[in-house]
Each structure stands twice: as C-alpha cells, then as structure tokens.
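Student: give me coordinates for this.
(one chain, ligands or ions: 2)
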Amino acid sequence: MKFLDQVKIYLKSGNGGPGCTSFRREKFVEYGGPDGGDGGKGGDVIVHVVENLNTLIDYRYQQHFKAQSGQNGMGRNRSGKKGDDIILKVPVGTQIFDEFKEEVLHDCVTVDETFVLLRGGDGGFGNAHYKSSTNQAPYRNDPGWPGIESWVWLQLKLIADVGLVGLPNAGKSTFLSRVSRAKPKIADYPFTTLHPQLGVVYAGDEEFVVADLPGLIEGAHEGVGLGDRFLGHAERCSALIHLIDATQEHPLESYDIIRQELELYGDVLGKKQEVIVFNKTDALLDDELAEKIEIFKQEVGITPMLISAVSGNGIDKVLYELLKIIHISRASK
Ligand SMILES: Nc1nc2c(ncn2[C@@H]2O[C@H](COP(=O)(O)OP(=O)(O)OP(=O)(O)O)[C@@H](O)[C@H]2O)c(=O)[nH]1
Ligand SMILES: [Mg+2]
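Tutor: Ligands and ions are numbered 1, 2, ... in the order given. The predicted structure is shown next:
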C-alpha cells in the first residue's frame, strides 16, 4: 500500500445564504406583512475518524474541499436550505495542525469520532425577522455570514505495536517481509526504504502490527539522511526492535548512534522499551559472532537476541519477546 504521512489541504465551510425581503401579497389582504425568510446555514467541514485506513493517500488527489453555501431565504417565510457538509475521512492517529504546523487543532485518536472542524456561516435574517411594533414593514434583510477558510496540515502517526529502527541496510525490511505478508523493497544500499511500511505479524494465535521505518543515521535529528521525521510513527508503539547488522566491524557503534538519535528525539522514544537484535548472523563465523556479542554485553549490559532475517533463524523468539511487551502495554492502557 502506498503511504502518505502528511499533506496540506485547503478547507472552506459554506457561506450562509442571504435573508430575503418580501411582503405577503394576497387578494383581499391589503397590507400583508413582511414574509422574507432567513438564509440557510452554510455546510460545515466535518472530520470523521475511521479505522482500517492507514494512509492519507486520498488527499494526494484532492486537496481542496469546500462545503456548500446555504440557500437564499424566500418569500412566504421560507428559510433557505442548509448547505451540504463536507465530510473528511481520516485514519485514527491523524493529527490536524494549523497552516504553520505550530498548533495541534485536533488529535484524532478515537475511532468513529466525528467533529466539526470549520463551522458553516449562519444564514442572514429575512425581513420577517425585523418586524416590530414600530416597524411593521421593514425592508431590511441581512447577507449570510461567510464561511471560514483555512489551510491545515494532516499528519498521520501510525498506530503500530512495534517499530523497527536501525541504521540503513540493517535488514529491517527483510525482517518485515519475513514476519508478515508485506513486500517492502529490499536492496543492499542505504535508504532503500523511503516511507514507513506496515505489516501484520501472526504469532501463535495473536497478531500485531510492525512498522518498518526508514533507516536512521548519525545526525538524523538535524535532518541528516531522511531525518527523524518518521520517528514520530514510533511514538505510539509499545516496543521498538533495534536491529543491528552484526556483520559490521563494530556493531556497538551503530547501536550507540541509533540510541543517541532516539534519545535526542525525546523521552517518548528514549525511554521506550527496545528489543536488541543482531541480524545477519548467518554471514558470520561462530567465534567472530561470539566476540562481538561479548563486547556488546560488556558495554551495554544486555545480551542481544540473534537472528538471520534471511533464513528466519531466531525470529520466533524475537516475536514472542515482543508479544510479552505488547501484552503488558495493552493491559496498562
Ligand atoms: N546475509 C544476510 N543478509 C541480510 C540479512 N538481512 C538482510 N540482509 C541483506 O541486507 C541488505 C539490506 O537489507 P534491507 O532489508 O533492505 O535493509 P533495511 O534496513 O531495510 O535498509 P534501509 O531501508 O535502507 O534502511 C539486503 O541486501 C539484504 O538482502 C540476513 O539476515 N543475512
Ligand atoms: Mg528498508
């Protein structure tokens, strides 16, 4: 599935319809009073939060949304019809920002929630409204109130259970393709993955969602490489898989680089529980691997789990480790 994680769109709620000036005209009724109806209210811009949608791709094809204006008021006290609303469907996890991305207007976290983002303008009063004891034949009618226009940013944070982090080429996409039916692009050059990819993992009789995130490099928090903007997707995960290419000379260094980027991103990620995994163990001699594990253990104090994403070795253990963390995290929600 194509993935689009942020988009800027133009919204406008409908103008209110103008009120009407009219007088009752009937045979034998000499001074029929004012009977101009009010204008209809303009349509609202409504947001509907839906499940089972994990992309904003629909907004790539259409970026302008205008709700309908209310209709004019009419004679014989008929009010104008209300303008049709516009309903924007957005996936759970979407955040709506103002034009400058400074303020969060709404955090769409509740499934099936609907709310009015921009209210349509009210219709203007017709002259019937202005009838009073002192003015029995008012001519006044009001124009409708204009709708509100605004540019907003929609930004999607995936709600995956597990996020895959690591340097480019660590084998994150290979891992995802191994544990799920997702078919991410895999290649032996850095930055093969340019957008997050999701996969559903079935472990025993349970399932959870893993997000393959584009590789991070040193300085990602300052925008180096693809930067760290995709890290936002990992904020809501229960756990991280920190994947390390064990064939590198110094796996510990790459671990430190990623740790630093996670911590610089902030506490949400810096403190998230991670499962540390050495990948590509199939391409190493036993004693070479043992030595790297030993160094890692001494420095970090944790023994990494060992897998080969290509052969599938060791992957089940990692999945059950993840399930344990997910259970605890789901239970505490
Ligand atoms: N020998 C071996 N090679 C692997 C293993 N896992 C991945 N690779 C290779 O490593 C290279 C990079 O794999 P990807 O899955 O594209 O790596 P990535 O982490 O998604 O990389 P980016 O998307 O660039 O961040 C590919 O050539 C894979 O075939 C493994 O377990 N063993
Ligand atoms: Mg990849």
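Student: residues from this structure in reach of ligand 1?
Tutor: 166, 168-174, 186-188, 190-193, 214-215, 279-280, 282-283, 308-310 (Cβ under 6 Å from any ligand atom). For the C-beta atoms, the positions are set from N, CA and C on the backbone; glycine is no exception.
Student: out of those residues, which sit inside helices?
Tutor: Mapping the residues of the chain next to ligand 1 onto helices (DSSP state H) picks out K172, S173, T174.
Student: so which of these reach ligand 2?
Tutor: Among these, the ones lying near ligand 2 by Cβ under 5 Å from the ion are S173.
Student: nearest to I326, of the ones in helices among the residues of the chain next to ligand 1?
Tutor: K172 (18.6 Å; Cβ to Cβ).
Student: so which strand or helix has the nearest residue to the closest one once chain neighbours are set aside?
Tutor: Of all residues not flanking K172 in the chain, L164 sits nearest, at 4.4 Å (Cβ to Cβ, 6 or more residues apart in numbering). Element membership for L164, per DSSP states H and E: strand 162-165.
Student: V29: neighbour count?
Tutor: For V29, the count of nearby residues is 9 (other Cβ atoms under 10 Å).
Student: what pairs with it across the strands?
Tutor: With DSSP bridges as the criterion, V29 is bridged to E26.
Student: related to what we said a few turns ago, between the ones in helices among the residues of the chain next to ligand 1, which has the most around it?
Tutor: Ranking these using other Cβ under 10 Å puts K172 first, with 30 neighbours.
Student: any idea of the pLDDT on that one?
Tutor: We have a pLDDT of 95 for K172.
Student: what of the one 4 residues further on?
Tutor: The predicted structure scores L176 at 95 on the pLDDT scale.
Student: name the element it belongs to?
Tutor: helix 172-179.
Student: and the next helix or strand past that helix?
Tutor: Following helix 172-179 in sequence, per DSSP H and E, is strand 197-203.
Student: give me the residues contacting that following strand.
Tutor: Contacts to strand 197-203, defined as Cβ atoms under 8 Å, 6 or more residues apart in numbering, come from residues 1, 3, 54, 158, 160, 162, 173, 176-177, 179-182, 184, 207-212, 316, 319-320, 322-323.
Student: filter those residues down to the buried ones and hand me the ChimeraX line.
Tutor: ChimeraX command restricting the contacts of strand 197-203 to the buried ones, with burial defined by 16 or more other Cβ atoms under 10 Å:
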select :3,54,158,160,162,173,176,177,179,180,182,184,208,209,210,211,212,319,322,323
